[in-house]
Structure formats: structure tokens, C-alpha cells
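In: Build the 3D model from these lines:
(2 chains)
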Amino acid sequence: MSLMSLSRPRLLALSLGLSTLTSGGAFAQLPADLELSGDAAAGKLVANDRAKGNCVACHAMPGAKEPGAIGPVLIAMQTRYPSKTALATQIWDATAKTPEVVMPPFGKHEILTRKEFVDVVEYIWSL
Amino acid sequence: MKKIHLSLIAAALIGAIATPAIATTPEEDKATFQSYFKQRFPNVPEDDFKNGAYAIDAIGRENWEAIEEFPPYENAISSGETLWNTPFANGKSYQDCFPDGPAIANKYPHWDRQAGQVMTLPLAINQCREANSEKPLSYKKGPIADLLAYMAFESRGQITNVEIPSDDPRAIAAYEKGREFYFARRGQLNFSCAHCHFGNSGTTLRTEILSPALGHTTHWPVYRSKWGEMGTLHRRFSGCNEQVRAKAFEAQGEEYRNLEFFLTYVNNGLELNGPAARK
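Out: Have a look, this model is predicted:
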């Protein structure tokens, strides 16, 4: 199909799509080049911040105050996930593995910045 | 084990209700919906679901009952009564539009065959005003909430009884759109209404107990402590959508009216007990 045959809205969509690709927009999957070496202490703050990770809204974690009870307790993570990458994949978009899960896709929907994301992964991995 | 069993039932039910490929009638949806909550909360008497989270939260209930001793919605009821009784500039009044009087909350929402859309009480109030050359009221709070509070108070004890005429495919379509809205994920946080108030109802988000959807439509308008004032059902819908970081729809727009149609229908049989106080 030649560009001439594309309707105007499609052309617009195409150019918008290209611009998100080139400006490093949202990734549906955990980017392979994301370095998982964050700062656990910073991640702890993100995990407990209502406007950010807010993990504690649903998960009990060691030392977290007034946790919710919707998700499983975050403890002994290194015995539950084969690798840090596997845990990161789950936090990036839990619906990939469990389509009906409630957990928000923290990476895919850019709820967290890349920095916040790797920090949270580091912290949760340490639990 | 029991928890796993229940969550499996929840998944199956959500599948059955939410998947358009499986055609279910409104009657079937209602039966599924209501029996789910009765199984999930076997200790809640059937006529207590109308009290929302307070039906399942003993401590919250104590506080709520204390608040109900001097209800924060009382001023709204009396302001609403004044509004009801005050004639429009043309000498007519609400009573002329609503000859059955203010106790008509159980007649709404209903399918308006002529207009081909869901008619809600706030919409009918504004149609009445406009027919009498008065400015329409804004739909989320303020005078409309007062008027609705008075009408709800006068309607207390009526039973939710929404009818979906099976001979009008447009009515079924509106219901199905409402149902789809209810089970669709939205917003940056990716939650559907059902994620919190169906499958996870009764669990806690931080320390907040998620109220069951059975009981969500009985008690509007509400004095919500978080608002510090009265608000309408559609105000709450907007707030919920914003909480999941979605753009809210317009109050009394088609989306929320259809949602109200679905949600009130599956609450059929519950007693109306508005206005109410909520956290």
C-alpha cells in the first residue's frame, strides 16, 4: 500500500506512532537493556509512597505500616522468583502472566520512571 | 482453600458477566451478581448490603452509627425541601413536573422509550427546570444534591426495581454498555470497577475496606466526609475514574447513565436508604 492511499487520520497516527518510537516511549515489555541495579533504599520510599509505587496499598511488607491485603505478602522474594529479571518482568506488567490480575502495570503504563522502577525492583528483591 | 475457591468463582463469574461472547440476559446477570455477594459474605443479612462497607466492617459501623445520630445530610434534606416547594419564575413548581410528589426515587433510572435513552432522576429534574425556563443545575453537587437528598429521604423504604424492557433492543444495548463499562479496565492504574468492588470486595486497600458492589446504588446522594459535603452518584463515578487515573466522563452523559442503569438493575430488590453518610 502506498502512502498516497492512506487516509489523513492514518497518516497522522503513523507519524505519532513513529515519534513515540523515536522518543523512547512506553514499552509493553521489560526493555532488555534496562539495567537492574537500582538503589534499594530509594526503592523503599517509592514502594511506600501513595502517589508512586504504593505497593503497601495491597501488599504487606516487612516494616510497612498499615498494609492492604489484596496481594500476597512481599517476603522471601529470592526464593519465589528465579531471578531479579523475573521479578522485574512481573512488576513491569503483571497482566502478561496473569491476565485478570489487579496489579497495575508499573512499567508498561509508566506509573514509575525508569529510575523509580529499578529502585523498587532492587528493594522488593531484597525482601 | 476456601479463599482460592471463592476467587475461582469470582474469576468464572466475571468471565461469565463480562465476556460479550457469552450472551447472558440481565436476569441471569442479576442472579449471578447477587448470589456471588451472598456467598462471599454469608454472615451479612440480605437487607444489610444497602449499608455498604458498614455491612462488613464492625468498627467502621460503630463510627458510622455515631455519625448517624446527627446526620450530616440533614441540612441538605431541608434545603432540598425548600427547593421543591419554591415555585419557578413562571409560577409552576417541581410538583407540576412530578405529579406523584417527591417520593419517586424507585422510578429511576428507567428506560425512556421515546427518547431512546436511560432517564435518571437528575436528568429529569433538569428537564423539568428547562421546560419551565429555569437554568439547569450542575450535576455533581450543590442544589441538585440537596433536591435529590430530599427526594431520597421521602423515598426511603422503597425497593430498587429497575426494569429493562426486553422488547426494546436499544434498552438491552444500553444495559450491556453499562455492564461493559463496569468490567472494563481503564486508566493508568488499569482497574475496572469490578476489580475492587466485585472480586476484591471485603479486602483492604491500605486500611480501607473495599465495599461490595451489591449495595452501591441504594443511598444517593451521599454526604462524604472526604468531600465535606453532599455529592451525587455520578460525582462518585467521576472520582473513581480519576482515582484509577482515567479521564472522568461527563456527569449524566451517556456512559455514566448506562453504568447507573446496569448497576442499579443488578441491585434490584435492595431497599432505598438515601441520603447517607459515608467516609
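
In: to the chain's geometric centre, what's the distance from stretch B:203-221?
Out: Centroid separation for stretch B:203-221 versus its chain: 11 Å, with Cα atoms, centre = their mean, to the nearest Å.

In: brain fart, stretch B:40-53
Out: 16 Å.

In: how about it, does it get close to chain A?
Out: No - remark: stretch B:40-53 sits outside contact range of chain A, by Cβ under 8 Å from any Cβ of the partner chain, the gap being at least 14.2 Å. Where C-beta positions appear, they are placed from N, C-alpha and C, glycine not excepted.

In: C-terminal to the worst-scoring helix or strand of chain A on mean pLDDT, what's the next element?
Out: Ranking every helix and strand in chain A by mean pLDDT, DSSP states H and E puts helix A:8-22 at the bottom, with a mean of 43. As assigned by DSSP states H and E, the chain's next helix or strand after helix A:8-22 is helix A:40-48.

In: Show me what that following helix is packed up against.
Out: Helix A:40-48 sits against helix A:114-125, with contacts defined as 3 or more Cβ pairs under 8 Å, 6 or more residues apart in numbering or on different chains; DSSP states H and E.

In: tell me what the helix it packs on is packed against?
Out: With contacts taken as 3+ Cβ pairs under 8 Å, 6+ apart, helix A:114-125 sits against helix A:40-48, helix A:77-80, helix A:84-92.

In: and stretch B:35-46, how far out from the chain's middle?
Out: The answer for stretch B:35-46 is 19 Å, by Cα atoms, centre = their mean.

In: Just the terminal-to-terminal distance for it.
Out: Terminal residues of stretch B:35-46 are spaced 11 Å apart (Cα to Cα, to the nearest Å).

In: which parts of that stretch are buried?
Out: Judged by neighbour count using 16 or more other Cβ atoms under 10 Å in any protein chain shown, the buried positions of stretch B:35-46 are B:36-37, B:40-41, B:44.

In: if I pick A:Gly53, what's in contact with it?
Out: Taking Cβ atoms under 8 Å, 6 or more residues apart in numbering or on different chains, we find A:Gly53 in contact with A:43, A:46-47, A:106, A:111-112, A:116, A:120.

In: Mind doing that once more with 10 Å?
Out: Neighbour list for A:Gly53: A:43-47, A:91, A:104, A:106, A:111-112, A:116-117, A:119-120, A:123-124 [criterion: Cβ atoms under 10 Å, 6 or more residues apart in numbering or on different chains].

In: hmm, which of those residues are the buried ones?
Out: Buried among those (16+ other Cβ under 10 Å): A:43-44, A:46-47, A:91, A:104, A:106, A:111-112, A:116-117, A:119-120, A:123-124.

In: Give the helix, strand or coil label for A:Lys65.
Out: Here A:Lys65 is coil, with the state taken from DSSP: H, G, I helix; E, B strand; the rest coil.

In: what's the spacing between the closest residue to it other than its chain neighbours and B:Thr25?
Out: Closest residue in space to A:Lys65, ignoring its immediate chain neighbours: A:Val56 at 7.5 Å, by Cβ to Cβ, 6 or more residues apart in numbering or on different chains. A:Val56 is 42 Å from B:Thr25, where distance means Cβ to Cβ, to the nearest Å.

In: And for B:Thr204?
Out: Distance from B:Thr204 to B:Thr25, counting by Cβ to Cβ: 34 Å.

In: Quick check on the two: which one has the bigger neighbour count.
Out: B:Thr204 (17 against 12; other Cβ atoms under 10 Å in any protein chain shown).

In: right, and that one touches A:Ile70 too?
Out: Yes - here B:Thr204 reaches A:Ile70: they are 7.3 Å apart, a contact under Cβ atoms under 10 Å.

In: Identify the contacts common to those two.
Out: Counting by Cβ under 10 Å, 6+ apart, the residues touching both B:Thr204 and A:Ile70 are A:57-58, B:210.

In: which parts of chain A sit against chain B?
Out: Within chain A, the residues that sit near chain B (Cβ under 10 Å from any Cβ of the partner chain) are A:50, A:54, A:56-58, A:64-71, A:93-95, A:100-106, A:108-111.

In: switch to 7 Å and redo it
Out: Taking Cβ under 7 Å from any Cβ of the partner chain as the criterion, chain A approaches chain B at residues A:56-58, A:66, A:68-70, A:100, A:102, A:104-105, A:109, A:111.

In: So which residues of the stretch 1-150 of chain B form strands?
Out: Here the stretch 1-150 of chain B has its strands, by DSSP state E, counting those that start in this stretch, at B:110-112, B:117-119.
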